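>>> return atomic coordinates for the entry below.
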Amino acid sequence: MRRLMLLRHSKTEPDAPSGRDEDRRLDQRGRHDAAEIGGWIRHNPPFPTHVLVSHAIRALQTWEIAWEAMKEVVPAPQVELTPELYGADVSQLLETIHNASVTDPKRLMLVGHNPGMHELAIALAGSGDPAGRGALADNLPTTGLAIFDFDIDDWGDVGLRRGRLELFVSPKLLKQTSGE
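Modelled structure (predicted):
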């Protein structure tokens, strides 16, 4: 069994002072949402054992803030900056997942970007949580987290429609369920 967690970066400033998209930083809401999803992960094991993070500043900040919210409870995962996640399409993201066979973590998290992350989530969901699949069909919003389980022994066997969507959660959905 393998678990894949797809986390889209949090809400960002519209432009970076440098003018480079990769340099965009989280805005106030993005910082709050990253901490909120980190807190949610803290209370909802199992936790990622290996995290691949896009080199874009917003993805790295999302991970760092989320990690800060969970680190007192969650065992430290191996974290790698992975430039290939920036602008990656479904086939590139799948290749990155397949390459996880080298280190063979049982629970892998990717912190990346749309449209690739959203398209991958839709493509992987062969079964699972119907409400989550419905919500995910519309969008993988900023700080959205899609959690998939695969009945496989090797990351190289991850394929389209082979995942079971265990849960789809976002700060907006968390607010709705808490009644705020």
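>>> what comes up buried for the lowest-mean-pLDDT helix or strand in the chain?
Every helix and strand in the chain was compared by mean pLDDT, DSSP states H and E; the lowest is helix 171-178, with a mean of 82. With burial defined by 16 or more other CB atoms under 10 Å, the residues of helix 171-178 counted as buried are 171, 173, 174. Quick note: C-beta positions are derived from backbone N, CA and C, even for glycine.
>>> show residues contacting that helix.
32, 33, 36, 37, 40, 135, 141, 143 (CB atoms under 8 Å, 6 or more residues apart in numbering).
>>> please list all residues in contact with the fifth one.
Which is residue 40. Contacts of residue 40 by CB under 8 Å, 6+ apart are 145, 169, 174.
>>> figure out the helix or strand that residue 44 lives in.
Using DSSP states H and E, residue 44 falls within no helix or strand.
>>> now do residue 37
Here residue 37 is assigned to helix 28-42, by DSSP H and E.
>>> where's residue 52, which helix or strand?
Going by DSSP H and E, residue 52 is part of strand 50-53.
>>> which outside residues touch that strand?
59-60, 63, 77-82, 85, 96, 100, 103, 105, 107-112.
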